[in-house]
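Student: Need coordinates for the below:
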Amino acid sequence: MKFILSVVYFGLFTFLFFSCIDFTNKKKTISGYSFGTSFLIQYEGKNNNDIIIKNKIDSLFNTINNSFSTYISDSDISKINLGDSLLIVDNHFKKVFLRSYDIWKLSEGYFDPTVGSMVNAYGFGPENKIKNFSRKQLDSLIKLTGFSKVSLTSKGTIKKKFSNIYLDFNAIGKGYTVDLISELLSSYSIKNFLIEIGGEIIAKGKNPNTGNYWKVAIDNPNQKKNRQFIKTVLLKNKALATSGNYRKFRFDSLTGNKYVHTINPKNGKSFQSKILSVSVIASDCITADAWATALMIMPIELSKSIIESIEDVDAYWVLSNKTGFDEIFSSNWPDS
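Tutor: Predicted coordinates for the structure are as follows:
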């Protein structure tokens, strides 16, 4: 059985949530809608705690939304973005903040959750976009960007160099949630499962219907109308995330410029590059999620060099050319 990978998006956390559960197969399935996207959880059906598991997953989605969602006005991150310097964040926020800092350093600043002001300015966030903003306005947004300008204090509060720095964990939050659900299923001694939230995936064990490792398909970034796949991969107790600019974009009606949702935090640019999509395989989904975003922005030679230096992280790039596309694989990318 194949499971479809979608594109990683900024700005997907929303409050709307629903789910359902299906027991009609060897696999048990929980599916629904949260974080502004669909989710699918499949696991081996030898467990009597299904309703408890579903309820805990529902509760987990609500908890993460209340911590990270920039679309909920009274979430922790929204309060911090409005200047609350006294709010003590929960453990989820702390873990995502610290992991973001690690990847920000490793990526030489190309992964940066303080890019939120730019995301809003280009029209990809919850705040009003800036129409035809000037170079001066862009420079002012760049001054608000840089993860070195925020810190997690010993008291559990967030300290910002400028009060209007806007944090946005949407490029890492879904991956973190996938890992939390993976931990939940494992706590019930469930060994064979696949979890997917908006294209961020983790697979453990084997597909109980086939007895083989879970096979997933990656979208073709050059597809026009009908959905097409460019690559399949077997996930052997690994996570996979894909980021691309071929679905989430907008055109400026006045200038004709195409703006994409992946924004370079160093120069504020949101223009299409030759990199059409990047897929990342890692041991956990929080890592795959964050690197899939970072590698979309980084110069290709730098990104290849960094990925080759990181243990248990591999990447697959799709780059445009005049006749179609080129493919680049890191040295340990698995065979299909």
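Student: quick one: residue 207 and residue 213 touch, right?
Tutor: Yes - at 7.3 Å, residue 207 counts as touching residue 213 under the criterion of Cβ atoms under 8 Å. Using the backbone N, CA and C atoms, a C-beta is placed for each residue, glycine as well.
Student: Just the CA trace of stretch 105-120, in PDB.
Tutor: These are the backbone C-alpha positions of stretch 105-120, laid out as PDB (Å, rounded to 0.1, in the frame of the first residue of the first chain):
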ATOM      1  CA  LYS A 105      22.900  26.800  14.400                       C
ATOM      2  CA  LEU A 106      23.600  23.700  12.200                       C
ATOM      3  CA  SER A 107      21.900  25.300   9.200                       C
ATOM      4  CA  GLU A 108      23.900  28.500   9.600                       C
ATOM      5  CA  GLY A 109      20.700  30.400  10.200                       C
ATOM      6  CA  TYR A 110      18.700  29.300   7.200                       C
ATOM      7  CA  PHE A 111      16.200  27.600   9.500                       C
ATOM      8  CA  ASP A 112      14.800  30.400  11.600                       C
ATOM      9  CA  PRO A 113      11.400  30.500  13.500                       C
ATOM     10  CA  THR A 114      11.700  34.300  13.800                       C
ATOM     11  CA  VAL A 115      10.900  34.600  10.100                       C
ATOM     12  CA  GLY A 116       7.200  35.000  11.200                       C
ATOM     13  CA  SER A 117       7.000  38.700  10.400                       C
ATOM     14  CA  MET A 118       8.200  38.000   6.800                       C
ATOM     15  CA  VAL A 119       5.700  35.100   6.500                       C
ATOM     16  CA  ASN A 120       2.900  37.600   7.400                       C
END
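Student: Buried by neighbour count: which residues of that stretch qualify?
Tutor: Neighbour counts over stretch 105-120 (16 or more other Cβ atoms under 10 Å) mark 106-107, 109-120 as buried.
Student: ditto for stretch 94-106
Tutor: 96-97, 99-101, 103-104, 106.
Student: In contact with residue 151: list those residues for me.
Tutor: Each residue near residue 151 by Cβ atoms under 8 Å, 6 or more residues apart in numbering is listed here: 158-159.
Student: I should have written residue 205 there, sorry.
Tutor: The contact partners of residue 205, by Cβ under 8 Å, 6+ apart, come to 44, 191-193, 237.
Student: Distance check, it against residue 218.
Tutor: Taking Cβ to Cβ, to the nearest Å as the measure, residue 205 falls 21 Å from residue 218.
Student: Okay, helices next: where are they in the protein?
Tutor: For the chain, the helices defined by DSSP state H occupy 50-68, 76-81, 91-106, 116-121, 135-143, 170-187, 285-297, 300-309.
Student: Return the list of helices and strands in contact with the second one.
Tutor: Looking back up the chat, that one is helix 76-81. On a contact count with 3 or more Cβ pairs under 8 Å, 6 or more residues apart in numbering; DSSP states H and E, helix 76-81 meets helix 50-68.
Student: tilt between the helix it packs on and helix 91-106?
Tutor: Helix 50-68 runs at 60 degrees relative to helix 91-106, counting by axes from the mean of the first three to the mean of the last three Cα atoms, to 10 degrees.
Student: buried stuff in helix 50-68?
Tutor: Neighbour count says helix 50-68 has 53-54, 56-58, 60-61, 64-68 buried, by 16+ other Cβ under 10 Å.
Student: so which of the residues you listed comes closest to residue 176?
Tutor: Checking the buried residues of helix 50-68 against residue 176 with Cβ to Cβ, the nearest one is residue 64 at 7.6 Å.
Student: surely the closest one meets residue 93?
Tutor: No - judged on Cβ under 8 Å, residue 64 makes no contact with residue 93 at a distance of 9.6 Å.
Student: before we move on, the earlier item: could you export the helices of the chain as CSV, including mean pLDDT and distance to residue 315?
Tutor: Formatted as CSV, the helices of the chain follow (pLDDT from 0 to 100; distance: least, Cβ to Cβ, whole Å):
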stretch, mean pLDDT, distance to residue 315
helix 50-68, 95, 25
helix 76-81, 98, 28
helix 91-106, 98, 13
helix 116-121, 84, 23
helix 135-143, 86, 27
helix 170-187, 97, 15
helix 285-297, 96, 6
helix 300-309, 96, 5
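Student: could you dump the ones you listed to JSON lines with distance to residue 279?
Tutor: Below are the helices of the chain laid out as JSON lines (distance: least, Cβ to Cβ, whole Å):
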{"stretch": "helix 50-68", "distance to residue 279": "23"}
{"stretch": "helix 76-81", "distance to residue 279": "27"}
{"stretch": "helix 91-106", "distance to residue 279": "17"}
{"stretch": "helix 116-121", "distance to residue 279": "22"}
{"stretch": "helix 135-143", "distance to residue 279": "29"}
{"stretch": "helix 170-187", "distance to residue 279": "13"}
{"stretch": "helix 285-297", "distance to residue 279": "7"}
{"stretch": "helix 300-309", "distance to residue 279": "12"}
